[in-house]
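Student: Structure for this input, please:
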Amino acid sequence: MNYYRIQSGDTLSGIAHKFETDLETLRKLNTDAYLNDLRVGMDIIVPKNQDQYFSIYNIEAGDSLYKIARKYNINPQLLASLNGLDMEDYIYPNQEILIPKSGYSYYITAEGDTLDTVADMFKTTKDNVLKNNPTIYLLKDQVLVTKR
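Tutor: As a prediction, the model looks like this:
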């Protein structure tokens, strides 16, 4: 997930179009009350281009973040962070979560990150980071992606 900072003139449908998603997805990621009071400077959660970087997984009875992470050979903490969860959070059957696709590297930004430090972490160029992440705020907990 990414954060998007509301700009002057933004509408919910315009934001959905910009991020190639729909209003229902935005409502799942943010509370309705929050979305009904959009103000310039607010941050809302928006999906990355899910088709390119993620697949959707429906939680089944008996699943845990650890079990799902093991099934898809991914770091459980990354799985939790990508879905806005803590490792201790309850997950329930039929809940949808994002599973990162292979072939990409994922990074959850930390306070103090710069484009240079992120590019160095990915062992790539700033241009490559920008190409794969058209909306970068370098806010804490933003998901950045690059091809391996």
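
Student: For stretch 24-38, give me every contacting residue.
Tutor: Applying CB atoms under 8 Å, 6 or more residues apart in numbering, the external contacts of stretch 24-38 come out as 1, 6, 10-12, 15-16, 42, 44-47, 84, 96. For the C-beta atoms, the positions are set from N, CA and C on the backbone; glycine is no exception.

Student: Inside strands: which ones of the residues you listed?
Tutor: 44-46, 96 (DSSP state E).

Student: which residues sit in contact with the closest residue to residue 42 other than its chain neighbours?
Tutor: Using CB to CB, 6 or more residues apart in numbering and skipping the chain neighbours, the partner closest in space to residue 42 is residue 6 (4.6 Å). Shown in contact with residue 6 (CB under 8 Å, 6+ apart): 15, 38-44.

Student: Buried ones from the residues you listed, can you make that a ChimeraX selection?
Tutor: To isolate in ChimeraX the members of the contacts of residue 6 that are buried, counting by 16 or more other CB atoms under 10 Å, one can use:
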select :15,44
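
Student: which of the contacts of residue 6 sit farthest apart?
Tutor: By the measure CB to CB, 15 and 41 form the most distant pair in these, at 14.2 Å.
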